[in-house]
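K.L.:
Sequence isn't available, so here's the structure alone:
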């Protein structure tokens, strides 16, 4: 049986989830590990549905996230690669620039996101005058809404 969430935790989970679209990270913020299961919680579904009606995932959210990816700093990633992993607090690090990371017998291999591609997509959204991106996001929300039911 799952532990009942307080309203405060539910709202905090939803806020972090809508900011990151990462249920694991959102669950971690409230001291839980079951992010995917929390997305199925009736209270969480209701809060997300209500908040999305007001704002939803919109063009500005996508542009903001692409800007973070395109212009973000890699300092935490470099610090992680150069120092001992045991000493690092990964939860407080910004690793959004990382596409892939693996530890091998030679050390740590880090593959960064393609910033040029992020800039190309961002440019396309910014010069898009016919709302293609908006229609795409509405279609995504419609598909997501069917899964929540």
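P.N.:
Sure thing, it's come through. On a predicted model such as this, the values are computed, not experimentally measured, just so you know. Numbering: from 1, shown residues only.

K.L.:
does residue 19 sit in a helix or strand, and which one?
P.N.:
According to DSSP states H and E, residue 19 maps onto helix 7-20.

K.L.:
Distance from the chain centre to that helix, please.
P.N.:
Remark: helix 7-20 is offset 12 Å from the chain centroid, using Cα atoms, centre = their mean, to the nearest Å.

K.L.:
Flag every buried residue along that helix.
P.N.:
Using 16 or more other Cβ atoms under 10 Å as the test for burial, helix 7-20 gives 9, 10, 11, 13, 14, 16, 17, 18. Any C-beta I mention is one placed from the backbone N, CA and C, and that applies to glycine too.

K.L.:
Kindly report the same for stretch 68-76.
P.N.:
Those would be 69, 70, 72, 74, 76, for stretch 68-76 by 16+ other Cβ under 10 Å.

K.L.:
what about the residue nearest the centre of the chain, distance to residue 68?
P.N.:
Nearest to the geometric centre of the chain sits residue 20, at 2.6 Å (Cα atoms, centre = their mean). Distance of residue 20 to residue 68, given as Cβ to Cβ, to the nearest Å: 11 Å.

K.L.:
for residue 99, phi and psi?
P.N.:
phi -90, psi -40 (degrees, to the nearest 10).
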